[in-house]
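Student: generate a structure from the sequence data that follows.
(chains A and B)
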Amino acid sequence: MAMVEVSFTAVPAHVRTARLVALAVARRAGVADDLIDEVRLAVGEACSRAVGINQGKSPDSAVTMRLVDEQDRFTVEVVDVGPLEASVAGPEDLDLDPETLAEPVADAGRDPLPDLLPPGFGLAVISGLVENVSVTSEGDGTHVRMTWPATDVMAPQAE
Amino acid sequence: MPILLEDRVDLSLSTRTEGDRTVVTVGGEIDVYTAPKLREQLIDLVSSGNYHLVVDMEGVDFLDSTGLGVLVGGLKRVRAHDGSLRLVCTQERILKIFRITGLTKVFPIHASVDEALSATD
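Tutor: Residues are numbered from 1 along each chain as shown, chains lettered A, B, ... in the order given. From the prediction side, this is the model:
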């Protein structure tokens, strides 16, 4: 088993940093090319969510991302310092009514982004995207764990 | 399709007018860091009276739910003026997030800018 852990200040700019690190480690772990975009998006969603939560609750607390390369699987765990929001659902439970989403907003002002999509949206994207995902509330905060199959790069190649 | 670790410009934006429509060409990554820049652009366009927008996403190589939120916000704003917001996208990796979230039912998604410009439905 090999592990990389990254802790970063809860600022949006470092979500990209985290994505890039995760991609580099995923490739090294032997995650298939056709899953790499999924890893990239899921890690981005998990880290964006964690940054938002830490910023709201404890801006000085870092977000932690752990990347674990085991023989035949690659796991990403993202930890924030907040409680789990109530809505942890798949996209089908999000009640994203197209009519509601497309409703005009009379005041075209500079309202904040989170108002536009329901809370839990990022997690719903992750559950719609990743087959093996768990979200748990633990003593130190919420842990989002996502696992992908990987080829064992140390295994002898078949001739 | 290698994703390079190069430090390029995160998001590029340019706009041009085509008849009564405005084409916004977006390139790079739309995420929690860059999405506010796109939001400002869309707000500025609507504030200056451009209500029919075509957002060309063919040059976008990453889009997350924050970016989707900005597009939904743009759609709500133009609709307040009986306008439209059309997307141009053929990339599977970008289309996937629209499908997962059901937003394919919210946005008209076109295969080319020409198609989006001539669409009337």
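
Student: going by C-alpha atoms from here, please, whenever you check contacts or count neighbours.
Tutor: Noted.

Student: and the strands in chain A?
Tutor: Applying DSSP state E to chain A gives strands spanning A:2-8, A:63-70, A:73-79, A:132-138, A:141-149.

Student: so how many other residues sit close to the closest residue to A:Glu103 other than its chain neighbours?
Tutor: Excluding the flanking residues, the one nearest A:Glu103 by C-alpha to C-alpha, 6 or more residues apart in numbering or on different chains is B:Lys76, at 5.7 Å. Residues contacting B:Lys76 under the criterion other C-alpha atoms under 10 Å in any protein chain shown number 25.

Student: equivalent analysis for B:Val54, please.
Tutor: B:Val54: 26 neighbours (other C-alpha under 10 Å).

Student: what distance do you get for it to A:Arg145?
Tutor: 37 Å (C-alpha to C-alpha, to the nearest Å).

Student: and the contacts of the longest strand anywhere in chain B?
Tutor: Longest among the strand segments of chain B by residue count, using DSSP E, is strand B:52-63. Here strand B:52-63 makes contact (C-alpha atoms under 8 Å, 6 or more residues apart in numbering or on different chains) with A:41, B:20-31, B:78, B:83-91, B:93-94, B:97, B:113, B:116-117.

Student: would you confirm that B:Arg39 contacts B:Val72?
Tutor: No: assessed by C-alpha atoms under 8 Å, B:Arg39 is found out of contact with B:Val72, at 10.1 Å.

Student: what number of residues lie near residue 21?
Tutor: In the absence of a named chain, chain A is used. 18.

Student: that answer is for a different chain, and I need it for chain B
Tutor: By other C-alpha under 10 Å, neighbour count at B:Arg21 equals 19.

Student: list the contacts of it.
Tutor: If you count contacts by C-alpha under 8 Å, 6+ apart, B:Arg21 has them with B:50-54, B:117.

Student: and if you look at B:Thr22?
Tutor: B:15-16, B:50, B:52-54.

Student: before we move on, what about A:Phe74?
Tutor: A:26, A:29, A:31, A:67-68, A:147-150.

Student: show me where chain B has strands.
Tutor: Under DSSP E, chain B gives strands at B:11-18, B:21-30, B:52-63, B:84-88, B:109-110.

Student: nearest to A:Ala2 among these would be which one?
Tutor: Proximity to A:Ala2 (C-alpha to C-alpha) singles out strand B:52-63 among the strands of chain B, at 27.7 Å.
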